[in-house]
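**Student:** With the sequence up front, the predicted model follows.
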Amino acid sequence: MSTPDRRTLLADTAIDLVAATGLRGLTHRAVDAAAGLPAGSTSYYFRTRTALIGACYQRLAELDLGDFDGDGPPPAPDRDAVAAAIAALLYRWLTTGRARQLARFELSLEAARRPELEPELHRAGLGARARAAALLAGLGAARPEESAELLVGWTDGLLYDRLAGALAHSRPAPDLAELTGVARRMVDAALA
């Protein structure tokens, strides 16, 4: 595995900080310290906090789309294959990718409050919707873009509920079989 470039290292470190401490813990100095870099390193690459948050959005999108593309799309899309792929993503994001998803939600809420951050969040979200639309088009969706909006919304809602919702701490550990059933219902509903 290659060493990440400095910008990637700083964005990854910032994401980890947001997941652990919330946005109040995201400072240039905190990122420098957590990354083990000299003071001023983060501000050299990302002059403002807005630029640093924008780098987080871009990196989160890159990582999430990498997860999506990592296993490749189902060879011959059918509902079961698509549901299994979505369930695998959900499982990954609820377990090993948990911190990253918490950071994504935290950063999304910040963009809702600060209009200058919204364009970066919007750009970051386009890739997921495009991939969902392509999958749904392959399944014969009449309006794949509209269906993709629903599927992405339901996926985000499920992730939020399982990670930070009222019952998040009392739920059993994520179960791939249960997530596959949920994903199948989401796919069926998106295609209805």
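**Tutor:** Done, it's in.
**Student:** Can you name the element that comes right after the lowest-mean-pLDDT helix or strand in the chain?
**Tutor:** Ranking every helix and strand in the chain by mean pLDDT, DSSP states H and E puts helix 118-138 at the bottom, with a mean of 87. Elements were assigned by DSSP states H and E; along the chain past helix 118-138, the next helix or strand is helix 144-164.
**Student:** Flag every buried residue along that next one.
**Tutor:** Neighbour counts over helix 144-164 (16 or more other CB atoms under 10 Å) mark 144, 147-148, 150-152, 154-156, 158-160, 162-163 as buried. C-betas here are computed from N, CA, C, even on glycine.
**Student:** Check stretch 129-136 too.
**Tutor:** When neighbours are counted by 16+ other CB under 10 Å, the buried residues of stretch 129-136 are found to be 129, 131-133, 135-136.
**Student:** In this structure Pro38 contacts His28, no?
**Tutor:** No - in terms of CB atoms under 8 Å, Pro38 does not count as a neighbour of His28; the distance is 11.8 Å.
**Student:** hang on, the earlier thing: out of the buried residues of helix 144-164, which is nearest to Asp16?
**Tutor:** Distances from the buried residues of helix 144-164 to Asp16 were compared by CB to CB; the smallest belongs to Leu163, at 15.6 Å.
**Student:** elements contacting whichever strand or helix holds Ala19?
**Tutor:** Taking DSSP H and E as the criterion, the element that holds Ala19 is helix 6-21. For helix 6-21, the elements it packs on are helix 28-35, helix 41-45, helix 49-70, helix 98-113, judged by 3 or more CB pairs under 8 Å, 6 or more residues apart in numbering; DSSP states H and E.
**Student:** what residue ranges in the protein are flagged as low confidence?
**Tutor:** 1-3, 71-76 (pLDDT under 70).
**Student:** Who has more neighbours out of Pro38 and His28?
**Tutor:** More crowded of Pro38 and His28, by other CB atoms under 10 Å: His28, with 21 against 10.
**Student:** just checking, the more buried one touches Arg47?
**Tutor:** No - when contacts are counted by CB under 8 Å, His28 is not listed as touching Arg47 (9.1 Å).
**Student:** got the contact list for Glu149?
**Tutor:** Arg129 (CB atoms under 8 Å, 6 or more residues apart in numbering).
**Student:** ok, for Thr8, nearest residue in space, not its chain neighbours?
**Tutor:** Arg59 (6.8 Å; CB to CB, 6 or more residues apart in numbering).
**Student:** Equivalent analysis for Arg7, please.
**Tutor:** Using CB to CB, 6+ apart and skipping the chain neighbours, the partner closest in space to Arg7 is Tyr45 (5.4 Å).
**Student:** ok, the one you found to Thr13 distance?
**Tutor:** In this structure, Tyr45 lies at 11 Å from Thr13, with CB to CB, to the nearest Å as the measure.
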